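*Asks:* next comes the sequence, and after it the predicted model I'd like to discuss.
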Amino acid sequence: DFAQNQIWCAIVALACDLTAWMQTLALTGHPGHEQARRWEPKRLRHRLFSIPARAARTGRRRLLHLAATAPFTALVLAALDALARLTAPPPRAATG
């Protein structure tokens, strides 16, 4: 039982760290939502993590269809773009 509790606590700590880093890296500089980086977990859950979405696979791509009518969909899309830019490889220098 103790080992299971240790694992559960480690998972919760990891989720908290991921949420904090997501706020720091992805929720900065969005017009009209400058304070999104400082939102508490409850506000994040109600505004961002509860947006209706549908996951789809087509070919070799995985797609996430977010509800267009949700009030914070634009913020989520901008945050996802910011995170994608962080993980994108740097452009190659032209040789010639």
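*Replies:* Perfect, thanks for sending it.

*Asks:* could you use CA atoms for every contact and neighbour count after this?
*Replies:* Fine.

*Asks:* can you map out the helices along this structure?
*Replies:* Under the criterion DSSP state H, the chain contains helices at 2-26, 41-47, 73-87.

*Asks:* do you know which of the ones you listed lies nearest His33?
*Replies:* helix 73-87 (7.8 Å; Cα to Cα).

*Asks:* output the contacting helices and strands for the closest one.
*Replies:* When contacts are defined as 3 or more Cα pairs under 8 Å, 6 or more residues apart in numbering; DSSP states H and E, helix 73-87 sits against helix 2-26.

*Asks:* contact partners of the helix it packs on?
*Replies:* Ala36, Arg37, Arg38, Ala78, Ala79, Leu80, Ala82, Leu83 (Cα atoms under 8 Å, 6 or more residues apart in numbering).

*Asks:* same list (the helices of the chain) but as CSV, adding mean neighbour count.
*Replies:* Output for the helices of the chain, formatted as CSV (neighbours: other Cα atoms under 10 Å):
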stretch, mean neighbour count
helix 2-26, 13
helix 41-47, 13
helix 73-87, 15
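
*Asks:* could you redo those helices as CSV and give each row distance to Gly32 and mean pLDDT?
*Replies:* Formatted as CSV, those follow (distance: least, Cα to Cα, whole Å; pLDDT from 0 to 100):
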stretch, distance to Gly32, mean pLDDT
helix 2-26, 15, 95
helix 41-47, 14, 92
helix 73-87, 9, 90
